[in-house]
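In: Sequence unavailable; structure follows:
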């Protein structure tokens, strides 16, 4: 059974058509839009500050989303994919972003729209990721502009696919 808990009297609030895997954990001040999904072993902890998500956000298997007490919250826009085992902490992610598998996004990072953070990248504190770009490496640096093909073939495709995948697990009545 999913772990959905209130913290200090504040419970997570979900939009319409969201999927929560049986072993996902979502606690505290978490607010989502519609068509979001929380996959197996994902942890979203709004216990020390707020986490807000737009529509079509997917938090993939083993990913962690958290904040810093009295310092940083997490704001995630629309059509955002947080890859398997990624860590997103105390940052702002604008619309149409793919955070690759195993990437780490640290406090006070701002990722502007239409970006890819490559698998395994480490985006250090206070980094501002330029709109329409791909960042990779440790520490993450801009490696190139995001092409239309990659935008459609990765960022949009993955966000849309996770809405589809969610439907496979929902109760069909």
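Out: Sure thing, it's come through. This one's a predicted model, so the numbers in the text were calculated from it and none came from an experiment. Numbering: from 1, shown residues only.

In: Unless I'm misreading it, residue 135 sits right up against residue 141, doesn't it?
Out: Yes: under the criterion of C-beta atoms under 8 Å, residue 135 lies in contact with residue 141, with a separation of 6.4 Å. Every residue, glycine included, has its C-beta placed from N, CA and C.

In: Between those two, which has more neighbouring residues?
Out: The neighbour comparison of residue 135 against residue 141 (other C-beta atoms under 10 Å) goes to residue 135, with 26 against 13.

In: how about that one, phi and psi?
Out: Phi and psi for residue 135, reported as degrees, to the nearest 10, are phi -110, psi 140.

In: again, but for residue 58
Out: Backbone torsions of residue 58, given as degrees, to the nearest 10, read phi -120, psi 130.

In: Please apply the same query to residue 149.
Out: Dihedral angles for residue 149 - degrees, to the nearest 10 - are phi -60, psi -40.

In: Could you give the number of residues near it?
Out: Applying other C-beta under 10 Å, we find 8 residues neighbouring residue 149.

In: Grab the longest strand from the chain for me.
Out: What stands out as the longest strand in the chain, according to DSSP state E, is strand 43-53.

In: That one - contacts with which helices or strands?
Out: Here strand 43-53 touches strand 25-31, strand 64-66, strand 74-76, going by 3 or more C-beta pairs under 8 Å, 6 or more residues apart in numbering; DSSP states H and E.

In: Give the pairing partners of the last one; include direction for each.
Out: Read that as strand 74-76. strand 43-53 (parallel), strand 92-93 (parallel) (DSSP bridges).

In: I'd like the average pLDDT over it.
Out: In this model, strand 74-76 carries a mean pLDDT of 98.

In: right, and the helix or strand after it?
Out: Per DSSP states H and E, the first helix or strand lying C-terminal to strand 74-76 is strand 80-82.

In: Direction included, what does that following strand pair against?
Out: The strands that strand 80-82 pairs with in its sheet are strand 57-59 (parallel), strand 97-99 (parallel) (by DSSP bridges).

In: Tell me the confidence at the residue most central in space within the chain?
Out: In the chain, the residue lying closest to the centroid (C-alpha atoms, centre = their mean) is residue 82, at 3.9 Å. Looking at residue 82, its pLDDT reads 98.

In: before we move on, what about the one 10 residues further on?
Out: Note on residue 92: pLDDT of 98.

In: Thought residue 67 was touching it, still the case?
Out: No: in this structure, residue 92 is not within contact of residue 67 by C-beta under 8 Å, at 11.4 Å.
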